[in-house]
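>>> generate coordinates for the sequence data below:
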Amino acid sequence: MPIDDDDGANQVHGQKIRLTKAYANQEFLNSPDGRSLRILSEFLEPQGRLRRHDVVNTIVFFGSARSISAEEAGDELDRLRSQDLDPDKVRHGEERIDLGQRTAKYYHSARELARRLTEWSKSRSDNPRNRFYVCSGGGPGIMEAANRGASDANGVSIGLNISLPFEPNANPYQTRELSFEFHYFFMRKFWFFYPARALIVFPGGFGTLDELFEVLNLITTKKTTKQLPVVLFGSEFWNDVVNFDALERWGVVSPSARQLFRVFDSVDDAFEYTTARLGQLYPV
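Numbering: from 1, shown residues only. Got it, this is the predicted structure:
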């Protein structure tokens, strides 16, 4: 509101006051006027922290936050059946948990693949800048499985968390010093892509598809010049959910679009392909 020169409440008569610097003014920083600084902070702070820890190369895992391990699905089922609930609620819960059990194979595959990639990375060089670090979105599901696999190998891993009302906590397996919390999705995507040297995409929903197709678009439009191996894990899911043949048949993507990614169903095949490509592109 405008300041009224006649308003005595806005005057300081001989009193010493302590003023607040702009960069310490939380009201300003959280206001629309401070938005550009908040955005810049989500660029500069991760940049500095990654540099201090010599993180140059990442292998990014995308996938559903809803995927759970078989053990977790079994525990949920036991808890559900032990409660005195309406039969319809129990039936609905059992259906949801049954779906979780059927997709638990992806959780375990992501964990195993992340473990093996971390062990391979640690064995190829003693120089941290030559290693490839598992990076996930930091949340539950496939993200947790990826960080967990890296932890199984006593390796460092990155979590690019995002503030969401239904995912209040970061998974406990990401390296504490490399756990980030983002407000802006586009800045989080930048840090997914910028240090990425390979992308491994497990079954997922809107967020996973958004991230995958943005990367494919960057490659096809040559907004990136780096060669980026892209692995889609789980042909049953990908063939059912995305009709790549139809996209080509309708002429909205080029016939070469299929060459942008490879689809695998086994950890062995995904591991061999990813490590072979990374070894070619980034020899020690």
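>>> so which helix or strand takes in R49?
Element membership of R49, judged by DSSP states H and E, is helix 35-52.
>>> helices or strands up against that helix?
Secondary-structure packing of helix 35-52 (3 or more C-beta pairs under 8 Å, 6 or more residues apart in numbering; DSSP states H and E): strand 179-182, helix 185-193. All C-beta atoms are positioned from the backbone trio N, CA, C, and that covers glycine.
>>> mind saving the C-alpha coords of the helix or strand following it as CSV?
Proceeding N to C from helix 35-52, the next assigned helix or strand is strand 57-62, under DSSP H and E. Extracted as CSV, the C-alpha positions of strand 57-62 are listed here (Å, rounded to 0.1, in the frame of the first residue of the first chain):
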residue,chain,number,x,y,z
ASN,A,57,27.8,-38.2,-14.5
THR,A,58,24.5,-39.8,-13.5
ILE,A,59,22.3,-42.7,-14.5
VAL,A,60,18.8,-41.6,-14.1
PHE,A,61,16.0,-43.9,-13.0
PHE,A,62,12.4,-43.0,-13.7
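>>> who touches strand 57-62?
110, 114, 117, 121, 129-137, 142-143, 145-146, 158, 192-193, 195-202, 204, 207-208, 211-212, 274, 278, 282 (C-beta atoms under 8 Å, 6 or more residues apart in numbering).
>>> repeat that for stretch 155-172.
50, 53, 55, 58, 65, 114, 118-119, 121-122, 133-140, 143-144, 146-148, 150-151, 173-175, 178-183, 185, 188, 191-192.
>>> drop anything exposed from the residues you listed.
50, 55, 58, 65, 114, 118-119, 121-122, 133-140, 143-144, 146-148, 150-151, 173-175, 178-180, 182, 188, 191-192 (16 or more other C-beta atoms under 10 Å).
>>> narrow the residues you listed to those in strands?
Residues of the buried ones among the contacts of stretch 155-172 located in strands (DSSP state E): 58, 133-136, 179-180, 182.
>>> could those residues go into CSV alongside distance to G234 and pLDDT?
Formatted as CSV, these follow (distance: C-beta to C-beta, whole Å; pLDDT from 0 to 100):
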residue, distance to G234, pLDDT
T58, 21, 98
Y133, 23, 98
V134, 18, 98
C135, 20, 98
S136, 17, 98
S179, 27, 97
F180, 27, 98
F182, 27, 97
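>>> and which of those residues is nearest G34?
Nearest to G34 among these is F182, at 16.3 Å by C-beta to C-beta.
>>> verify the contact between the closest one and E45 for me.
No: in this structure, F182 is not within contact of E45 by C-beta atoms under 8 Å, at 10.1 Å.
>>> next, show the common contact partners of these two.
Counting by C-beta under 8 Å, 6+ apart, nothing touches both F182 and E45.
>>> follow-up on the earlier one: save the helices and strands packed on helix 35-52 as a markdown table, and put in distance to E27 too.
Converted to a markdown table, the helices and strands packed on helix 35-52 look like this (distance: least, C-beta to C-beta, whole Å):
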| stretch | distance to E27 |
| --- | --- |
| strand 179-182 | 21 |
| helix 185-193 | 22 |
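>>> what's the closest of those to S266?
Using C-beta to C-beta, these put helix 185-193 closest to S266, at 25.0 Å.
>>> picking up where we left off before, export the helix holding R49 to PDB, keeping only CA atoms.
Output of helix 35-52 as PDB, limited to C-alpha atoms (Å, rounded to 0.1, in the frame of the first residue of the first chain):
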ATOM      1  CA  ARG A  35      10.300 -15.800  -7.900                       C
ATOM      2  CA  SER A  36      13.300 -15.300 -10.200                       C
ATOM      3  CA  LEU A  37      15.600 -15.600  -7.200                       C
ATOM      4  CA  ARG A  38      13.900 -18.800  -6.000                       C
ATOM      5  CA  ILE A  39      14.300 -20.200  -9.500                       C
ATOM      6  CA  LEU A  40      17.900 -19.200  -9.600                       C
ATOM      7  CA  SER A  41      18.500 -20.800  -6.200                       C
ATOM      8  CA  GLU A  42      17.300 -24.100  -7.500                       C
ATOM      9  CA  PHE A  43      19.900 -23.900 -10.200                       C
ATOM     10  CA  LEU A  44      22.900 -22.600  -8.200                       C
ATOM     11  CA  GLU A  45      22.500 -24.500  -5.000                       C
ATOM     12  CA  PRO A  46      22.400 -28.000  -6.600                       C
ATOM     13  CA  GLN A  47      25.200 -27.000  -9.000                       C
ATOM     14  CA  GLY A  48      27.500 -26.100  -6.100                       C
ATOM     15  CA  ARG A  49      26.600 -29.200  -4.100                       C
ATOM     16  CA  LEU A  50      27.100 -31.600  -7.000                       C
ATOM     17  CA  ARG A  51      30.400 -29.900  -7.800                       C
ATOM     18  CA  ARG A  52      31.700 -30.200  -4.200                       C
END
